[in-house]
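**Student:** Quick one: sequence plus predicted model below, questions after.
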Amino acid sequence: MDLRQIFDEDAELYDRVRPGYPDAVFDDLLELAAARAGPRVLEIGPGTGQATVLLAGRGCQVLAVELGASLAATLRRKVNDLPVQVIAGAFEDSELPTGAFDLVASFTAWHWLTPEVRARKAHAVLRPGGSLATVTTTHVLGGSEQFFAEAQSCYERWDDDTPPGLRLESSEEIAAPTDEVDRSPLFEPAARRVYHQDIAYSTSGYLDLLNSYSGHRAMPPDRRAGLLTCLGNLIDSRYQGSITKRYRYDLRVARRR
């Protein structure tokens, strides 16, 4: 199963439950990229526009390349009145103009792209002095810490891929993610920022969120149902039907050489 395309199975659910990003991410991104007024942005893997709408709201002209046809269709409906064009297809295979963009951006999608292609192609479509910006999202220790510790017993019972004893790490323990962009002669050393956001979920809201994750959707239906029932019972019985999840966002902005 291609996990990259599994999100497309239920675009409406994805749109409804996937969280957005702190406003400061976009303010800092455009500042670090030294973006001129009305920058032309190529966004890779926009999903249903969790970042796209905010980029457009800051004056960006966005070309969004989304692998999933249903996700792309949902995004088109949302940005009908915004300076956004949506292409359905894989970034790696899309024909894109050389040197045409001030900024290439990817929010929680860069890791899905082919490493042998992504940095080189991003460099090719950027104008000289343009920037590549990536945001990596991580679930970190915080919020309802005890719930997430207890929840591992549900995963160990129902998900055979869960290693025993797995626990969340605090944000302070996590190193900034790096990849070939940080070692590439095509880009200058990156500027980085870290942000955090706590989001509260009801029982049903949290289970819906899990149903939008690729790893959960790829589970056998009976195993996924058992896992979600176990987690839902835990939230209702011990956490009064509500838990809070802490997210960490790593922004990286690398200038094209």
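**Tutor:** It's in.
**Student:** What are the buried residues along the one helix or strand residue 252 maps to?
**Tutor:** Following DSSP states H and E, one finds residue 252 within strand 242-255. When burial is assessed from 16 or more other CB atoms under 10 Å, strand 242-255 yields the following buried residues: 243-255. Every residue, glycine included, has its C-beta placed from N, CA and C.
**Student:** for the record, mean pLDDT for that strand?
**Tutor:** pLDDT averaged over strand 242-255 equals 98, rounded to a whole number.
**Student:** List the strands paired with that strand, with their directions.
**Tutor:** strand 126-140 (antiparallel), strand 191-202 (antiparallel) (DSSP bridges).
**Student:** Sort out which residues of the helix or strand just after the shortest one are buried, please.
**Tutor:** Meaning strand 191-202. Next along the chain after strand 191-202, taking DSSP H and E as the criterion, comes helix 203-210. Residues of helix 203-210 classed as buried under the neighbour-count rule (16+ other CB under 10 Å) are 203, 205-210.
**Student:** Check stretch 59-78 too.
**Tutor:** Residues of stretch 59-78 classed as buried: 60-68, 70-72, 74-76 (neighbour count, 16+ other CB under 10 Å).
**Student:** Please identify the helix or strand for residue 216.
**Tutor:** Secondary-structure assignment from DSSP H and E places residue 216 in helix 214-217.
**Student:** The helix or strand that that helix is followed by: how far from the chain's middle?
**Tutor:** Once helix 214-217 ends, the next helix or strand along the chain (criterion: DSSP H and E) is helix 221-238. Taking the mean C-alpha point of helix 221-238 and that of its whole chain, the gap between them comes to 25 Å (CA atoms, centre = their mean, to the nearest Å).
**Student:** Which elements pack onto helix 221-238?
**Tutor:** In this structure, helix 221-238 packs against helix 145-158, helix 203-210, helix 214-217, with contacts taken as 3 or more CB pairs under 8 Å, 6 or more residues apart in numbering; DSSP states H and E.
**Student:** low pLDDT regions in the chain?
**Tutor:** The chain contains residues with pLDDT under 70 at 1.
**Student:** Name the residues linked to residue 255 by a beta bridge.
**Tutor:** Beta bridges link residue 255 to residue 131, judged by DSSP bridges.
**Student:** What residues does it make contact with?
**Tutor:** 33, 129-131, 187-188 (CB atoms under 8 Å, 6 or more residues apart in numbering).
**Student:** can you redo the residues you listed as a markdown table with distance to residue 142 and neighbour count?
**Tutor:** Conversion of the contacts of residue 255 to a markdown table gives the following (distance: CB to CB, whole Å; neighbours: other CB atoms under 10 Å):
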| residue | distance to residue 142 | neighbour count |
| --- | --- | --- |
| 33 | 29 | 23 |
| 129 | 38 | 13 |
| 130 | 35 | 24 |
| 131 | 30 | 28 |
| 187 | 32 | 22 |
| 188 | 33 | 14 |
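**Student:** just to revisit the earlier point, and the angle for the strand holding residue 252 with helix 203-210?
**Tutor:** Taking axes from the mean of the first three to the mean of the last three CA atoms, to 10 degrees, one finds that strand 242-255 is oriented at 30 degrees with respect to helix 203-210.
**Student:** which residues are contacting stretch 83-97?
**Tutor:** By CB under 8 Å, 6+ apart, the residues outside stretch 83-97 that reach it are 42, 44-46, 49, 52, 56, 60-69, 72-73, 75-76, 79, 113-114, 117-118, 121, 125.
**Student:** Could you work out the end-to-end span of that stretch for me?
**Tutor:** By CA to CA, to the nearest Å, the extent of stretch 83-97 from end to end equals 18 Å.
**Student:** isn't residue 203 right up against residue 241?
**Tutor:** Yes: because the distance of 5.0 Å satisfies CB atoms under 8 Å, residue 203 is recorded as touching residue 241.
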